[in-house]
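Asker: dropping a prediction and its sequence here:
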Amino acid sequence: MRPGTKNLITDVAGLAVGNAADPGVKSGATVLLGEAPFVAGVHVMGGAPGTRETDLLAPDKTVQEVDALVLSGGSAFGLDAASGVADALRAQGRGFAVGPVNVPIVPGAILFDLVNGGDKDWAEPPYKALGREALASAGADFELGSVGAGTGALTGDLKGGLGSASLVFESGITVGALVAVNPVGGVTGPEGQFWANPWEFDGEFGGRGPVAGFDPGATPVTKLTQGAATTIAIVATDAALTQAQATRMATAAHDGMARAIHPSHTPLDGDLVFAAATGGRALETPEVELMLLGHAAATCLARAIARGVYHATPAQGDLLPTWRERFAGH
């Protein structure tokens with residue numbers, strides 16, 4: 001397996017990503033859009049999730065496909081981003097047909113970025129408009145770092161960000177990950193090496209090698225004083241999966257979060273992974289390929305987490321430095 005051409009989740013054919021942000025608020029939204037409805041699943045491992053339409057993604061529910069997935073900042077206010085996306089998709093004529101009405105299916109998840117130095121004294125939360133703006137910008141190419149849902153994200157001791165990565169099997173099946181990195185925990189060791197380094201390709205997040213000076217008995221770096229966090233992600237493939245199989249891929253992908261963030265899945269994180277399957281490639285040996293899909297999803301997610309932090313950029317009023325500000329000259 002090697003990274004795809006773009007090393008982005010949009011290496012999965014038929015998917016587009018759009019981002020929008022409000023720099024003053026230090027928050028934003030990200031949308032994953034399919035050319036056509038796609039199978040989706042979800043798995044939650046954090047203790048403080050914030051979600052929309054995730055119950056609908058259970059394999060026994062009536063609707064098996066969705067139109068888009070949304071990641072947003074803003075805590076509970078940010079759930080409005082998915083409403084903005086749904087409104088815009090309905091205007092385009094998309095959605096699950098219920099008689100004469102189309103109802104776009106747009107699950108979403110949020111992270112907590114309300115105390116990150118931005119101005120949250122709004123008359124009306126900006127997230128519905130940000131959702132519409134992110135949808136309008138959706139395409140195959142997008143930036144990483146301090147954009148979209150990662151705009152105001154923070155790790156335990158550095159700015160977080162929006163990350164993505166991909167892998168292509170020898171058979172041609174593609175897997176990708178998209179993540180907004182905002183955990184209670186940290187993503188690097190004391191000298192700036194990323195915990196995800198064993199899975200790095202071609203120096204994609206600095207090529208610093210494995211973490212040095214790690215003391216397994218030391219108290220990990222955290223931002224407990226901030227009170228809340230959350231890393232939210234999407235893993236996607238062009239393989240033809242059932243909703244149950246997509247859910248299993250989402251579950252396996254959490255291993256990537258645990259590889260890249262220490263500690264992960266804490267009571268103050270709402271850690272969540274969506275899975276998306278566009279169905280373009282049939283599985284030839286399902287028992288083998290389903291195992292490899294979970295492995296690839298976890299690997300992509302670990303790399304995407306590191307890439308999101310590696311590409312973060314500074315902005316006025318930041319509470320924490322970027323990785324490059326702290327470590328690039330070392």
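Answerer: Now that the structure is in, tell me what you want to look at.
Asker: pLDDT weak spots in the stretch 1-150 of the chain?
Answerer: Nowhere does the stretch 1-150 of the chain drop to pLDDT under 70.
Asker: count of neighbours near C300?
Answerer: Neighbours of C300 under the rule other C-beta atoms under 10 Å: 34. Every C-beta, even on glycine, is put in place using the N, C-alpha and C of the backbone.
Asker: part of a helix, is it?
Answerer: Yes: residue state for C300 (DSSP: H, G, I helix; E, B strand; the rest coil) corresponds to a helix.
Asker: residue contacts, it?
Answerer: A165, S166, L167, V175, G176, A177, V235, A253, G256 (C-beta atoms under 8 Å, 6 or more residues apart in numbering).
Asker: point out where the stretch 201-330 of the chain drops to low pLDDT.
Answerer: Applying pLDDT under 70 to the stretch 201-330 of the chain picks out residues 217-218, 224-228, 329-330.
Asker: now do 80
Answerer: 212-228, 329-330 (pLDDT under 80).
Asker: out of the contacts of C300, which comes closest to A246?
Answerer: V235 (9.0 Å; C-beta to C-beta).
Asker: isn't the closest one right next to T251, touching?
Answerer: No: using C-beta atoms under 8 Å, V235 is not in contact with T251, being 10.3 Å away.
Asker: list the residues that contact both of these two?
Answerer: With C-beta under 8 Å, 6+ apart, V235 and T251 have common neighbours V273.
Asker: so between those two, which is more surrounded?
Answerer: Neighbours around V235 and T251, counted as other C-beta under 10 Å, are more numerous at V235. The numbers are 32 against 19.
Asker: contacting residues for the nearest residue to that one once chain neighbours are set aside?
Answerer: Distances taken as C-beta to C-beta, 6 or more residues apart in numbering place A297 nearest to V235, at 4.0 Å, with adjacent residues excluded. Going by C-beta under 8 Å, 6+ apart, A297 touches V175, A177, V235, T237, M249, A250, A252, A253, G256, A275.
Asker: check for me that A297 belongs to a strand.
Answerer: No: under three-state DSSP, A297 sits outside any strand and is assigned helix.
Asker: what about the contacts of C300, which are in helices?
Answerer: Cross-referencing these against helices under DSSP state H gives A253, G256.
Asker: most neighbours of all the contacts of C300, which one?
Answerer: A165 (34 neighbours).
Asker: what are the boundaries of the helices in the stretch 151-300 of the chain?
Answerer: Along the stretch 151-300 of the chain, counting by DSSP state H, counting those that start in this stretch, helices occupy 243-260, 286-310.
Asker: run the chain-centre distance for the longest one.
Answerer: Spelled out, that is helix 286-310. Mean-position distance between helix 286-310 and its chain equals 12 Å (C-alpha atoms, centre = their mean, to the nearest Å).
Asker: which one of the contacts of A297 is nearest to L130?
Answerer: A177 (22.0 Å).
Asker: could you report the neighbour count for G317?
Answerer: There are 13 residues near G317, going by other C-beta under 10 Å.
Asker: phi and psi next, for A97.
Answerer: Main-chain dihedrals, A97, degrees, to the nearest 10: phi -70, psi 120.
Asker: likewise Q316?
Answerer: phi -60, psi 140.
Asker: got the contact list for it?
Answerer: Per C-beta under 8 Å, 6+ apart, neighbours of Q316: none.
Asker: same thing but at 10 Å, please
Answerer: P23, G24, K26, G117 (C-beta atoms under 10 Å, 6 or more residues apart in numbering).
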